[in-house]
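Student: I'll drop the sequence and a predicted model, then ask my questions.
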Amino acid sequence: MQRIVPMLVYADAPAAIEFLGKAFGFEVRFRMDMPDGSVGHAELALGDAVVMLASEWPAGGVVSPLRLPALHAQLFVRVDDVDAHFERARAEGATIAAEPADQEYGDRTYRAIDPEGQRWIFGAPLASKRPTARASRVGTSRRASSRAASRRRAK
Amino acid sequence: MSLPPPPGWPRISSALFYDDAAAALEWLEKAFGFVTRLRVEDGPGRIVHSELELDGGVVMVASADANRRSPRSLGGANTQALCVYVDDVDAHCERARANGATLVTEPADRDYGDEYWADRGYEALDPEGHRWWFCQRLRSRS
């Protein structure tokens, strides 16, 4: 079971559900629509993993990124094929903050921003994704500090 | 998604930004039971990246900057919360409260009906205002 599940907030949750499906591949596994057209609770699956999603509730302190000048959190998602995922996301209108690139800590990642401003990083380990890259990485420093520093830059 | 995520990683994890990330790590360990597995600083006490685990779940914590800010510099608003499944939500809540968590809702049972599920959970804010739900599943969807 997934121990920690992000619960994402959107102003237009039905549109967000549609976008996350088309662009990022999330499938709706549960959805509770409210009489006013908002979404009370939804669960979107990507493979074996889940995010929850709901319409914003400003009075309760949960709002779309559209309302804020910056974010306090972002998401990191492991996918099978970063480049294929990127092509699909771009074709469906995701804002690309960084195109796919090999990171020295050992992942290939790209960064996307969804229509309301939630920020996503999609990544896969280089070794399993691109066996041809393995030789060039032999001897590369894998110190945690180096890996983490470049992971931070990837944010 | 047919390939498993890399060892030690869930498929989806969140990164959270704090004005005082070093204090956040200490607090998340004491109050919520996380264990820091990686901590990277680019200066004394300034954390640029860290990874914290809770029973297989992972969150990343980093220092805030202009575009990635603490909730307390965003009027307390949150654009996402984290829902964490724990074994004993009442014990977890007492530990969190004793360490200064702000309880938004006290632990309570929520039964969404036979077609759905039942949880016992509480909602809390950490010292910089990130929003957390801790839940214990009482009955799963059949």
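Tutor: Arrived safely.
Student: Could you use CA atoms for every contact and neighbour count after this?
Tutor: Will do.
Student: is it true that residue A:115 touches residue A:94?
Tutor: Yes: at 6.9 Å, residue A:115 counts as touching residue A:94 under the criterion of CA atoms under 8 Å.
Student: of those two, who's got more company?
Tutor: When residue A:115 and residue A:94 are compared for neighbours, residue A:94 comes out ahead with 21 against 18, by other CA atoms under 10 Å in any protein chain shown.
Student: For the more buried one, which non-adjacent residue is closest in space?
Tutor: Nearest residue to residue A:94 in three dimensions, chain neighbours excluded: residue A:114, at 5.5 Å (CA to CA, 6 or more residues apart in numbering or on different chains).
Student: Phi first, then psi, for the closest residue to residue A:107 other than its chain neighbours.
Tutor: In this structure, residue A:107 finds its nearest non-sequential neighbour in residue A:125, 4.2 Å apart by CA to CA, 6+ apart. For residue A:125, the backbone dihedrals (degrees, to the nearest 10) come out as phi -60, psi 140.
Student: How many residues are close by residue A:125?
Tutor: Applying other CA under 10 Å, we find 21 other residues in the vicinity of residue A:125.
Student: How is the residue nearest the centre of chain A assigned, secondary-structure-wise?
Tutor: Geometric centre of chain A, nearest residue: residue A:120, 3.3 Å, by CA atoms, centre = their mean. With DSSP: H, G, I helix; E, B strand; the rest coil as the basis, residue A:120 sits in strand.
Student: now stretch B:58-77: how far from the chain's centre is it?
Tutor: Put simply, stretch B:58-77 sits 13 Å off its chain's centre (CA atoms, centre = their mean, to the nearest Å).
Student: If you could redo that for stretch B:20-34, that was the one I meant.
Tutor: Relative to where its chain is centred, stretch B:20-34 has its mean C-alpha point 10 Å off (CA atoms, centre = their mean).
Student: Ok, stretch A:42-61 next?
Tutor: 13 Å.
Student: all helices for the chain, in order.
Tutor: Reading this off chain A. For chain A, the helices identified by DSSP state H occupy A:13-24, A:82-91, A:126-129, A:134-137, A:144-154, in order along the chain.
Student: not quite, I wanted chain B
Tutor: For chain B, helices defined by DSSP H occupy the ranges B:21-27, B:89-98.
Student: Highest mean neighbour count out of the ones you listed?
Tutor: Mean neighbour count (mean count of other CA atoms under 10 Å in any protein chain shown) peaks for helix B:21-27 among those, with a mean of 19.
Student: quick revisit: from residue A:90, how far out is the residue nearest to the centre of chain A?
Tutor: Taking CA to CA, to the nearest Å as the measure, residue A:120 falls 13 Å from residue A:90.
Student: Residue A:115 too?
Tutor: Applying CA to CA, the value for residue A:115 to residue A:90 is 12 Å.
Student: before we move on, what about residue B:6?
Tutor: Per CA to CA, residue B:6 is found 25 Å from residue A:90.
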